[in-house]
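>>> Turn this into a structure:
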Amino acid sequence: MGRFSSRRESSTLVSVLLPGGSDWVQAAGAGSITLNAAEPSVVLCSDAGRCFEQASCAPIFPRSMTHAAIASGENIIIGSTRSAAAASGVPFSFPHHLLDIASLQRSDLLTIFECALMMRETMLRPNHWSTMLAGRVVVNLFAENSTRTRSSFELAERRLGMTVVNFSAEGSSFAKGESLRDTVRNLEAMRINAIVLRHSSGGAAQFVASHCNVVVVNAGDGRHEHPTQGLLDTFTLYERWRHDAGPGGTGFEGRRVTIVGDILHGRVALSNIHALRLLGAEVAVCAPPTLLPRGIETLVDRVFIHLAEAVEWSDALNMLRVQHERMDRAFFPNVREYTRLFGLNHARLGTMQSPPLVLHPGPINRGVELDSATADGPCSLILPQVENGVAVRMAVLALLLGEGT
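The predicted model follows:
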């Protein structure tokens with residue numbers, strides 16, 4: 001039986017694999033796992049009684065040990081690295097870009113979640129900064145306004161040791177008439193490693209990925225998708241529900257999640273729908289008929305136009321704001337009428353024996369989609385969503401750029 005050992009001297013690190021679609025994780029090496037005594041908490045095993053089992057080829061352990069990581073000082077080796085896969089001979093498959101949720105597999109989501117758990121519990125500690133992606137250069141190319149997403153990405157990048165360049169459309173070459181294609185090709189010529197893109201046009205991330213060779217992460221493209229928001233929303237629920245998962249399950253089986261609000265204009269809805277269905281949840285939407293896109297019934301299990309019915313049906317509600325900036329006409333009589341019919345408040349939840357969990361991707365319009373008592377109440381997961389946003393984006397960047405670290 002191989003055992004964890006702790007040595008103060010410098011030692012060789014063992015890479016850990018999380019091969020997509022596999023129920024097992026294989027380490028690219030044999031023998032005991034050696035740690036730096038200065039960082040004893042970086043190996044977090046959910047089932048310490050089933051430690052690494054010594055085999056003739058390499059130690060293996062169940063995927064249920066989701067928090068496994070191996071570190072020396074600040075250099076953490078995680079299982080996503082393609083170099084580790086090559087070294088062990090076990091194929092590892094993870095997308096080269098993160099453009100949407102629709103193109104991901106269930107195993108991709110679980111790999112991201114497992115990595116995010118490790119990131120949050122080891123690398124989001126106070127005053128802890130990693131050098132995992134030191135030397136990598138990322139450009140945050142935001143052609144639309146953003147506060148939370150941009151700040152979250154930048155914190156994730158800096159905590160991983162990346163060199164960060166922020167690029168805003170206002171006052172840039174965009175304002176001088178340069179095309180998006182020329183902009184990204186010029187940035188690529190400066191030997192960057194990744195672009196985090198937010199753009200008002202759906203499909204912009206796919207377009208950029210097809211015209212450059214660097215890693216592209218979609219931070220929201222028009223009305224299409226916002227994949228990291230969908231990941232952090234579902235990861236926040238995964239934290240609560242994963243302990244109830246049966247063998248081979250995710251914890252979402254039998255759970256019901258309703259997305260409420262502006263489904264027509266919001267890109268968060270589509271990413272959440274794809275992620276929730278991959279994880280095994282039943283998914284519904286709830287909105288005025290004018291804010292439901294044509295054909296939405298083909299993507300979800302239920303469509304509600306009365307909030308009371310959706311609240312009774314759901315284990316969790318994801319409340320989306322009304323996207324006034326994307327509207328070219330009136331889609332409902334006025335804000336007061338919308339709030340009366342589709343606003344979630346304490347009075348609706350207070351009478352329920354088991355009220356649903358409440359999420360919101362932000363920014364919150366208090367008194368419109370949520371009242372303050374609900375946003376700050378015991379069912380709210382809004383602040384955990386914000387914290388998890390950094391962890392999930394760290395995980396995505398590490399999985400996409402972690403080769404050779």
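>>> Could you use CA atoms for every contact and neighbour count after this?
OK.
>>> right, and the secondary structure at the spatially most central residue of the chain would be what?
For the chain, the residue nearest the mean C-alpha position is residue 231 (3.1 Å; Cα atoms, centre = their mean). Classification of residue 231 by DSSP: H, G, I helix; E, B strand; the rest coil places it in helix.
>>> For residue 339, see how far away it is.
Per Cα to Cα, to the nearest Å, residue 231 is found 27 Å from residue 339.
>>> Find the nearest non-adjacent residue to residue 119, please.
residue 391 (5.6 Å; Cα to Cα, 6 or more residues apart in numbering).
>>> same check, this time on residue 342
Nearest one to residue 342, counting by Cα to Cα, 6+ apart, is residue 307 at 5.7 Å.
>>> can you pull out the strands in the stretch 151-300 of the chain?
163-168, 194-199, 215-221, 256-260, 282-286 (DSSP state E, counting those that start in this stretch).
>>> Report the secondary structure state of the residue nearest to residue 119.
Strictly by three-state DSSP, residue 391 counts as helix.
>>> Can you report how many residues lie near it?
29 (other Cα atoms under 10 Å).
>>> My read is that it contacts residue 124, right?
Yes - in this structure, residue 391 is within contact of residue 124 by Cα atoms under 8 Å, at 7.5 Å.
>>> Enumerate every residue touching the residue nearest to residue 119.
Residues near residue 391 by Cα atoms under 8 Å, 6 or more residues apart in numbering: 116, 117, 119, 120, 124, 156.
>>> farthest pair in the residues you listed?
Set against one another by Cα to Cα, the contacts of residue 391 have their most distant pair in 117 and 156, with a gap of 13.9 Å.
>>> Can you pick out the residue with more neighbours from these two?
Each of residue 117 and residue 156 has its neighbours counted (other Cα under 10 Å); residue 156 has more, 26 against 22.
>>> The more buried one: what's it in contact with?
Going by Cα under 8 Å, 6+ apart, the list of residues near residue 156 reads 390, 391, 393, 394.
>>> The last one is in what secondary structure piece?
This means residue 394. Assigned by DSSP states H and E, residue 394 falls within helix 382-401.
>>> domain ranges for the chain?
Using automatic domain parsing, the domain parsing of the chain gives 4-93, 137-221, 227-387.
>>> Endpoints of the second one, how far apart?
For domain 137-221, the separation between the terminal residues is 22 Å (Cα to Cα).
>>> so for it, what's the average pLDDT?
Mean per-residue pLDDT for domain 137-221: 91.
>>> Equivalent analysis for the last one, please.
Model confidence over domain 227-387 averages 92 on the pLDDT scale.
>>> Run the chain-centre distance for that domain.
Computed by Cα atoms, centre = their mean, to the nearest Å, the chain-centroid distance of domain 227-387 equals 17 Å.
>>> so which of the contacts of residue 391 would you say is closest to residue 227?
Closest approach between the contacts of residue 391 and residue 227, by Cα to Cα: residue 116, at 14.8 Å.
>>> Would you enumerate the residues in contact with the closest one?
388, 391, 392, 393, 394, 395.
>>> got those residues as CSV, with distance to residue 210 columns?
Below are the contacts of residue 116 laid out as CSV (distance: Cα to Cα, whole Å):
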residue, distance to residue 210
388, 30
391, 28
392, 25
393, 22
394, 24
395, 23
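>>> from the residues you listed, which is closest to residue 352?
When those are ranked by distance to residue 352 (Cα to Cα), residue 388 comes first, at 27.6 Å.
>>> check contacts around the nearest residue to the closest one once chain neighbours are set aside.
Closest residue to residue 388 apart from its sequence neighbours, by Cα to Cα, 6+ apart: residue 232 at 6.0 Å. Residue 232 sits next to 385, 388, 389, 392 when contact means Cα under 8 Å, 6+ apart.
>>> and if you look at residue 112?
Taking Cα under 8 Å, 6+ apart, one finds 392, 395, 396, 399 in contact with residue 112.
>>> Just the element for it, please.
Using DSSP H and E, residue 112 falls in helix 106-118.
>>> Verify the contact between residue 154 and residue 163 for me.
No - Residue 154 lies out of contact with residue 163 (Cα under 8 Å); the separation is 9.8 Å.
>>> Of those two, which one has the most company?
Taking other Cα under 10 Å, residue 154 and residue 163 do not tie; residue 154 has more neighbours (24 against 17).
>>> The more buried one and residue 219: what is the separation?
According to Cα to Cα, residue 154 stands 12 Å off from residue 219.
>>> Likewise for residue 133?
Distance from residue 133 to residue 219, by Cα to Cα: 20 Å.
>>> higher neighbour count, the two?
Set residue 133 next to residue 219 and count neighbours by other Cα under 10 Å: residue 219 wins out with 26 against 23.
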